[in-house]
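A.B. asks: Here is my input, please return the structure:
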Amino acid sequence: MLLEGIETLLILSKEKTMSRTGSLLYISQSAVSKRIANLEKRLGKKLVVPDGRHIRLTADAQALIDRVGPSFHELSGLIFEQQTLEDNTLIRFDCSETLVAGLLSEVMGKYFSHDKRITITTNHTPRIVEHVRSGKATLGLCAGYLPGNHGLTTFHLYDEPVFIVSQQPLAQLPQQIITNDLSNSANTYQASILEHLGITPIMEMDSYTAAAQLALQGVAPALVPLSIIQTLSVSPHNYFSFDALQPLFRPIHLCLRAMTYRSPRIKSLIAAIVDAVPTTVSEPLIKTSE
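C.D. replies: You can find the predicted model right below:
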């Protein structure tokens, strides 16, 4: 019961609502409330308080999460490792949304013909790493920098270049730009580079596709990875490369628990993804000196 309450609190801290937490745990909203109430009673501390339609963690709740969260995820992962990946075991593959669209869709379309026991979910990189560590995901495909001390086995696939998408031709770097969410720890490195270049982020999207579409409609230029440019079939006349943008590449990694890599099914899936990567980065690019 105590571990059940801790798991519920950890998810609630991310989702901010009882209803969303219940959906992820496949329980009712009232069951979520009951679990939190039981945990508060067990600990003798108030953990959450209402905040409009959401909830807010108390200082005691945040301290509890900071202290036991990493250990809880590790314990969940160790339990996951005791399971055997049989031929009919469902492989849970947690991925960056942009990589599903730009890299994974084609290879998985072919791969499903001989292994249909795979389900794909989309998340941001920090959540993907968390899910793989805890065993909620078997394998992760991450875009951007990984959090430190993750303790996972990783495969660095490649460093994906980024470009400026713009409705109008660009002879030099723009002063203002649309970016993806810079508060996401996988993307925070971009902020200091943009500041050094004298570029101000004026909007931060949760989707590179949205950023690219706004740029193509003339709202403002946008910073967009190559895979999204290819997926959207952006005209070469609407995306531009500058030497100064080279440090803004997106590292792409596969991550999994070390024990998971012993599975022949996982090795086969990883090999298929790795083989698909060169075709993704081989398109001719337009380059503008700066």
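A.B. asks: Any idea how many residues pack against A220?
C.D. replies: Other residues lying near A220 total 18 when counted by other C-beta atoms under 10 Å. Glycine gets a C-beta too; all of them are placed from N, C-alpha and C.
A.B. asks: meant to ask about D66, not that
C.D. replies: Neighbours around D66, by other C-beta under 10 Å: 9.
A.B. asks: ok, then the element right after the helix or strand it falls within?
C.D. replies: According to DSSP states H and E, D66 maps onto helix 59-81. Next helix or strand after helix 59-81 toward the C-terminus (DSSP H and E): strand 91-95.
A.B. asks: Do you have the helices of the stretch 1-150 of the chain handy? List them.
C.D. replies: 2-15, 18-25, 29-43, 59-81, 97-99, 105-111, 125-134 (DSSP state H, counting those that start in this stretch).
A.B. asks: looking at these, which has the lowest confidence?
C.D. replies: When the helices of the stretch 1-150 of the chain are compared by mean pLDDT, helix 59-81 comes last with a mean of 73.
A.B. asks: Thought I178 was touching I199, still the case?
C.D. replies: No: contact between I199 and I178 fails when scored by C-beta atoms under 8 Å: they sit 10.8 Å apart.
A.B. asks: Please say which of these two ends up with more neighbours.
C.D. replies: The neighbour count for I199 versus I178, taken as other C-beta under 10 Å, is higher for I178 (25 against 21).
A.B. asks: Tell me the bridge partners for T121.
C.D. replies: On the basis of DSSP bridges, T121 is bridged to D94.
A.B. asks: wait, it sits on L139?
C.D. replies: No: T121 sits out of contact with L139 when judged by C-beta under 8 Å, with a separation of 10.9 Å.
A.B. asks: tell me the centre residue of this protein?
C.D. replies: For the chain, the residue lying nearest the average C-alpha position, counting by C-alpha atoms, centre = their mean, turns out to be H124 (2.0 Å).
A.B. asks: Quick check: pLDDT value at that residue.
C.D. replies: For H124, the model assigns a pLDDT of 88.
A.B. asks: How about A244?
C.D. replies: A244 carries a pLDDT value of 92.
A.B. asks: again with P278
C.D. replies: You'll see P278 listed with a pLDDT of 57.
A.B. asks: just to revisit the earlier point, let me know which of the helices of the stretch 1-150 of the chain is tucked in deepest.
C.D. replies: Here the criterion is mean neighbour count by mean count of other C-beta atoms under 10 Å, and of the helices of the stretch 1-150 of the chain the winner is helix 125-134, at a mean of 23.
A.B. asks: Ramachandran coordinates for L248?
C.D. replies: Torsion angles at L248 (phi, psi; degrees, to the nearest 10) stand at phi -90, psi 10.
A.B. asks: does it really touch V162, like I thought?
C.D. replies: Yes: using C-beta under 8 Å, L248 makes contact with V162 at a distance of 4.9 Å.
A.B. asks: between those two, who's got more neighbours?
C.D. replies: Between L248 and V162, counted using other C-beta under 10 Å, the more crowded position is V162 (25 against 19).
A.B. asks: Show me the beta-bridge partners of the more buried one.
C.D. replies: With beta bridges defined as DSSP bridges, V162 has these partners: P225.
A.B. asks: Contact partners for it?
C.D. replies: Contact analysis of V162 by C-beta atoms under 8 Å, 6 or more residues apart in numbering lists 223-226, 245, 248-250.
A.B. asks: Of the residues you listed, which is the nearest to L214?
C.D. replies: Lowest distance from L214 to the contacts of V162 (C-beta to C-beta) belongs to V224, with 10.4 Å.
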